[in-house]
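J.: Fold the following, please.
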Amino acid sequence: MRLTLSRRFFPFFVCLAIALMAAGAAARAQELAPAERTTLLQQLRDIHARNPAFEATFTEERTSHLLTKPVFSEGSVAFSVPDKFRRDVKSPSPSMTISNGHTMWIYYPAFNEVEIYTLGQRSFFDESLAALTAGLNFEHIDEYYNFRAYHDAAGYRLDLTPKKPTLRRVVEELTLYLSNDFLPTRTEITLPKGDHLSTTYHNARRHPIPASEFEFTPPPGAQITHPLGK
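T.: As a prediction, the model looks like this:
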């Protein structure tokens with residue numbers, strides 16, 4: 001297997017995280033009171049109910065205790081609430097991560113390799129996905145995270161730390177940024193062992209996305225594996 005389980009969550013987590021996000025100076029941001037935070041979450045839920053699909057391009061910087069220099073990448077992301085998403089990395093190492101809510105595919109075109117994950121069969125994997133999905137629909141976010149929300153002239157910032165040990169094995173801390181009109185701008189993710197992922201989003205827009213964008217058929221001759229079993 002090319003990646004550890006926590007590394008496999010990189011693309012999934014980033015795709016879900018773009019539902020929140022803000023751009024603003026943390027030092028000048030004012031923390032929201034509990035009632036204001038509740039209002040903010042309801043606004044986000046209402047937006048997703050009206051506009052369930054979203055896409056953007058991104059640039060990304062990853063630092064790791066295993067690497068001497070940061071790794072930079074770029075690509076595009078799309079999602080449709082509650083559980084469909086797609087992440088296409090264009091460079092430097094192309095890959096595609098696609099989920100229709102039942103199956104997740106990770107495709108490495110340079111090697112013509114496809115990893116297939118059947119969702120709904122593994123308790124740890126599925127619980128982690130449910131926690132990450134809470135970052136999309138906001139229905140159970142208090143169940144999975146301790147979080148604080150801030151607001152300044154530029155927008156909002158949410159600082160999330162996982163409550164459950166299973167999710168802490170995937171991510172230690174997540175900072176999510178959104179503008180005043182709730183369009184995403186950036187995520188900052190700290191992973192176990194101090195690895196860090198900073199993703200900046202561009203050309204963000206909400207609009208209908210065909211269901212076919214969240215389906216994938218392995219190309220002819222591809223080497224197919226099932227890391228979690230069929």
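
J.: wait, doesn't residue 171 sit right on residue 187?
T.: No - applying CB atoms under 8 Å as the test, residue 171 and residue 187 come out as separate, 10.7 Å apart. All C-beta atoms are positioned from the backbone trio N, CA, C, and that covers glycine.

J.: and the nearest residue to residue 99 once chain neighbours are set aside, what element?
T.: The spatial neighbour of residue 99 that comes closest, neighbours along the chain excluded (CB to CB, 6 or more residues apart in numbering), is residue 85 at 5.4 Å. Assignment of secondary structure by DSSP states H and E places residue 85 within strand 84-91.

J.: Who does that strand pair with, and is each partner parallel or antiparallel?
T.: Strand 84-91 sits in its sheet next to strand 71-80 (antiparallel), strand 95-99 (antiparallel), going by DSSP bridges.

J.: Any chance of a markdown table for the ones you listed, columns mean pLDDT?
T.: Below are these laid out as a markdown table (pLDDT from 0 to 100):
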| stretch | mean pLDDT |
| --- | --- |
| strand 71-80 | 92 |
| strand 95-99 | 94 |
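
J.: Pipe those strands into a markdown table and attach distance to residue 222 per row.
T.: As requested, the strands paired with strand 84-91 are exported to a markdown table (distance: least, CB to CB, whole Å):
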| stretch | distance to residue 222 |
| --- | --- |
| strand 71-80 | 20 |
| strand 95-99 | 12 |
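
J.: Out of those strands, flag the one nearest residue 181.
T.: Taking CB to CB, strand 71-80 is the member of the strands paired with strand 84-91 nearest to residue 181, at 18.0 Å.

J.: May I have that closest one as CSV, with CA atoms only?
T.: C-alpha atoms of strand 71-80 as CSV (Å, rounded to 0.1, in the frame of the first residue of the first chain):
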residue,chain,number,x,y,z
VAL,A,71,5.5,20.0,-1.4
PHE,A,72,3.4,22.3,-3.6
SER,A,73,0.5,21.1,-5.7
GLU,A,74,-2.5,22.5,-7.6
GLY,A,75,-5.8,21.3,-9.0
SER,A,76,-9.5,21.5,-8.6
VAL,A,77,-12.2,20.3,-6.2
ALA,A,78,-16.0,19.9,-6.4
PHE,A,79,-18.6,18.6,-3.9
SER,A,80,-22.3,18.1,-3.6
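
J.: Tell me the buried residues in that strand?
T.: 73, 75, 76, 77, 78, 79, 80 (16 or more other CB atoms under 10 Å).
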